[in-house]
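K.L.:
After the sequence you'll find the predicted model.
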Amino acid sequence: MTRAEFADQLATAISNVYYDHAPLRTKLPYVTYNWDYDNYPADDKSYQRIVQATVTHYHADYSDGAELKAVFDGNDLFWTCTSAYDSDMKVYIDTYTMEVLANE
């Protein structure tokens, strides 16, 4: 899965998807995502590039993020999630982490 394909998949669940950060005053709900790269070694070289993806879902009402979870599950991605509430901003923040094989 390429980064563009990953972003397209996220957009099927949430219409506002941004790399790294959202512009100021972006209306809720929205998603940001970013990447960290790792390599799977074999035979003294990089056999497969692995992307550590972090997806952060910002939303105003308590929800379980079923749309995003369906996208992750539909693409056979193993994910974990942590949730928080920012009382100053009055926003729920769910952070999903997963590994994606980079096919780019």
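P.N.:
Nice, I can see it.
K.L.:
mind checking the longest strand of this protein?
P.N.:
Using DSSP state E, we find that the single longest strand of the chain is strand 45-59.
K.L.:
now whatever helix or strand comes next after that strand against strand 45-59, angle please.
P.N.:
Next along the chain after strand 45-59, taking DSSP states H and E as the criterion, comes helix 66-74. Between helix 66-74 and strand 45-59, the angle comes out at 160 degrees (axes from the mean of the first three to the mean of the last three CA atoms, to 10 degrees).
K.L.:
mind starting the numbering at 312 from now?
P.N.:
With 312 as the first residue, the last one maps to helix 377-385.
K.L.:
which of the residues in helix 377-385 are buried?
P.N.:
The neighbour-count check on helix 377-385 (16 or more other CB atoms under 10 Å) flags 379-380, 382-383 as buried. C-beta: built from backbone N, CA, C; applies to glycine.
K.L.:
list the contacts for the residue positioned nearest the centre of the chain?
P.N.:
Residue closest to the mean C-alpha point of the chain, counted by CA atoms, centre = their mean, is residue 366 at 2.3 Å. The neighbours of residue 366, taking CB atoms under 8 Å, 6 or more residues apart in numbering as the test, are 321, 342-344, 379, 406-409.
K.L.:
Whichever of those residues end up buried, select them in ChimeraX.
P.N.:
Selecting the buried subset of the contacts of residue 366 in ChimeraX, with 16+ other CB under 10 Å as the burial test, is done by:
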select :321,342,343,344,379,407,409
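K.L.:
Show me the shaky parts of the chain.
P.N.:
414-415 (pLDDT under 70).
K.L.:
before we move on, back to that, can you give the strand pairings for the longest strand of the chain, parallel or anti for each?
P.N.:
Sheet pairing for strand 356-370, assigned by DSSP bridges, gives strand 341-353 (antiparallel), strand 402-412 (antiparallel).
K.L.:
Just list whatever residues bridge to the residue nearest to residue 374 when sequence neighbours are not counted.
P.N.:
Once flanking residues are discounted, residue 374 sits nearest to residue 403: 7.5 Å by CB to CB, 6 or more residues apart in numbering. Beta-bridge pairing for residue 403 (DSSP bridges): residue 370, residue 396.
K.L.:
quick one: residue 403 and residue 367 touch, right?
P.N.:
No. Counting by CB atoms under 8 Å, residue 403 does not reach residue 367; the two are 10.8 Å apart.
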